[in-house]
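1. What follows is a predicted protein model with its sequence.
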Amino acid sequence: MKAENIQPSLAPYAVLTEFLGQALGPCYEVALHDMTDPEHSIVAIANSAISGRGLGAPLTNKALAVLRDRSYEAEDYRVHEYGLSLNGKELRANTLFIKQDGELIGMLSILFDDSRYRELAEGIRELVIALSREHEVTVVAPKYNQSCVGHGLTLKTPLYVEAAEIDGADVPVYCINGTPADCVRFALSMMDIAPDAVVSGINRAGNIGTDVLYSGTVSAAEEAAMLGFRAIAVSKETTSHDFFPDAASHFAENFDLFFGCTTAEKRLLNVNYPNLPREEYRGVRAAYLAEQVYSCRYKKLDGEDGRIGYITPSDKITVCSDTDTCDEKYIRDGFITVTPLKYDVTDYEQLARITAFVEKNY
């Protein structure tokens, strides 16, 4: 969106605003400010839902401070600054100062809502801190959110590895622009790592029932098991940010218990924690996977560029009974669940039934 009357010196930046909004995608808001009109500064904007602002919105307090202290005179741009938007989101800002004869006439700002990436890593961070107290840990994790990617692998684009850090843990950390399964394959084949166990998680949301079929967290552990390593996927119920330290400390202190549920032949285990403080855990239960069925519908979205998009809500339509012994039931009752998994999905009972019927010689 852009205003009808934009001063000529800012007009080219209005086109750039639209272009960047399309190129960067819906996680990035791009806004062009006319600094000569602080009360109605935004004259072009793309992906405005990030901050909740629109055309004609005023300058933020931080932008007004730049005008007052004239700090723009000593710099042409600023990158990776954090601030709160009008709707309460913490956003990462990158700002280009547009100057004419030394005066600030405009600003092109790019806001990125990276909260889901920072929040997603919370479970990994807490688990690493807890495990590294007694174990040697190396972290290889996806650079971006990989929710519901399943067991996908990156085949047609290069993978890039970057060194990273985790506050509170002095361990090697690497991030890769790939899937969880990519991370496991790369770490075990290219990084001279031969672990006693591979732990994937803690995922922010439970991986119970048939949700394991969609899960990147479970698939990372499954990939490790397929490569011959004992592997444990760890998740915490709901998308709440609460109680990660509780789940992480319990898992680390009981690592031998969970590791003991695997063998050299039966290498894959799925662990889920209830969204509770540790003192409210009722115990640990071995459980089978519940059937998780979701409504097959999509919600229509009208994009700012005129395109129509669709998203699917996570509306589960199945609920296990109170007498069941599946993982969903035990999690609901406050128990930690453990479920041994296998990646051989052959239905051997049906295979035996159909062998005589279907087999023919030609």
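-> Nice, I can see it.
2. in the host helix or strand of residue 15, what counts as buried?
-> Secondary structure from DSSP states H and E places residue 15 in helix 11-24. Across helix 11-24, burial judged by 16 or more other C-beta atoms under 10 Å covers 13, 14, 17, 18, 20, 21. C-beta here means a position set from N, CA and C on the backbone, and glycine is covered the same way.
3. And those residues, which is closest to residue 57?
-> Residue 57 has its nearest neighbour among the buried residues of helix 11-24 in residue 17, at 13.9 Å by C-beta to C-beta.
4. ok, back up a step: which of the buried residues of helix 11-24 sits closest to residue 211?
-> For the buried residues of helix 11-24, the closest approach to residue 211 (C-beta to C-beta) belongs to residue 21, at 33.7 Å.
5. I figured the closest one was touching residue 47, is that so?
-> Yes: when contacts are counted by C-beta atoms under 8 Å, residue 21 is listed as touching residue 47 (5.2 Å).
6. how about low-confidence regions in this protein?
-> When residues are selected by pLDDT under 70, those of the chain lie in 1, 84-89, 114-120, 303-306.
7. let's see 80
-> For the chain, applying pLDDT under 80 flags the ranges 1-4, 27, 82-90, 113-121, 144-145, 301-307, 313-314.
8. Run through the helices of it in chain order.
-> Using DSSP state H, the helices of the chain run over 11-24, 61-69, 115-131, 180-190, 216-226, 244-253, 255-259, 327-332, 348-358.
9. Tell me which of those sits most buried.
-> Ranked by mean neighbour count under mean count of other C-beta atoms under 10 Å, the helices of the chain are led by helix 216-226, which reaches a mean of 26.
10. which strands and helices sit next to it?
-> Helix 216-226 sits against helix 180-190, strand 198-204, strand 231-236, strand 268-273, with contacts defined as 3 or more C-beta pairs under 8 Å, 6 or more residues apart in numbering; DSSP states H and E.
11. So which residue is smack in the middle of the protein?
-> With distances taken as C-alpha atoms, centre = their mean, residue 145 lies nearest the centre of the chain, 2.8 Å away.
12. gap between that residue and residue 275?
-> As for residue 145, its distance to residue 275 is 20 Å (criterion: C-beta to C-beta, to the nearest Å).
13. cool, and residue 254?
-> Residue 254 is 18 Å from residue 275, where distance means C-beta to C-beta.
14. These two: which has the busier surroundings?
-> residue 275 (21 against 14; other C-beta atoms under 10 Å).
15. before we move on, back to that, any chance of TSV for the buried residues of helix 11-24, columns distance to residue 135?
-> TSV is the format used below for the buried residues of helix 11-24 (distance: C-beta to C-beta, whole Å):
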residue	distance to residue 135
13	52
14	55
17	49
18	51
20	44
21	45
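16. between the residues you listed, which is nearest residue 161?
-> residue 20 (27.5 Å).
17. Was I right to think that closest one contacts residue 28?
-> Yes: using C-beta under 8 Å, residue 20 is in contact with residue 28, at 7.4 Å.
18. Can you pull the residues that touch both of these two?
-> Residues touching both residue 20 and residue 28 by C-beta atoms under 8 Å, 6 or more residues apart in numbering: residue 110.
19. Quick check: buried residues in stretch 292-305?
-> Buried residues in stretch 292-305, counted by 16+ other C-beta under 10 Å: residue 292.
20. what residues does that stretch touch?
-> For stretch 292-305, using C-beta under 8 Å, 6+ apart, the contacting residues are 1, 21-22, 46-48, 208-211, 308-318, 328.
21. Mark out where each domain of the chain begins and ends.
-> Per the record, the chain has its domains at 11-112, 119-349, by automatic domain parsing.
22. okay if I get those as CSV plus distance to residue 5?
-> Shown next, in CSV, are these (distance: least, C-beta to C-beta, whole Å):
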stretch, distance to residue 5
domain 11-112, 8
domain 119-349, 20
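23. so who does residue 201 touch?
-> Residue 201 makes contact with 123, 124, 127, 217, 233, 234, 235, 271 under the criterion C-beta under 8 Å, 6+ apart.
24. ok, now which ones touch the residue nearest to the fourth one when sequence neighbours are not counted?
-> When you say that, I think you mean residue 217. Once flanking residues are discounted, residue 217 sits nearest to residue 203: 4.1 Å by C-beta to C-beta, 6 or more residues apart in numbering. If you count contacts by C-beta under 8 Å, 6+ apart, residue 203 has them with 123, 215, 217, 233, 234, 235, 236.
25. can those residues go into a markdown table with extra columns for distance to residue 294?
-> As requested, those are exported to a markdown table (distance: C-beta to C-beta, whole Å):
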| residue | distance to residue 294 |
| --- | --- |
| 123 | 23 |
| 215 | 14 |
| 217 | 18 |
| 233 | 20 |
| 234 | 23 |
| 235 | 17 |
| 236 | 20 |
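26. what's the spacing between the nearest residue to residue 181 once chain neighbours are set aside and residue 273?
-> Spatial nearest neighbour of residue 181, excluding adjacent residues (C-beta to C-beta, 6+ apart): residue 223 at 4.3 Å. Distance from residue 223 to residue 273, counting by C-beta to C-beta: 22 Å.
27. Then residue 207?
-> Distance of residue 207 to residue 273, computed by C-beta to C-beta: 11 Å.
28. hey, what's in contact with both of the two?
-> Here residue 207 and residue 273 share the contacting residues residue 235, scored by C-beta under 8 Å, 6+ apart.
29. returning to that earlier point: what's opposite the residue nearest to residue 217 in the beta bridge?
-> As for beta bridges, residue 203 partners with residue 235 under DSSP bridges.
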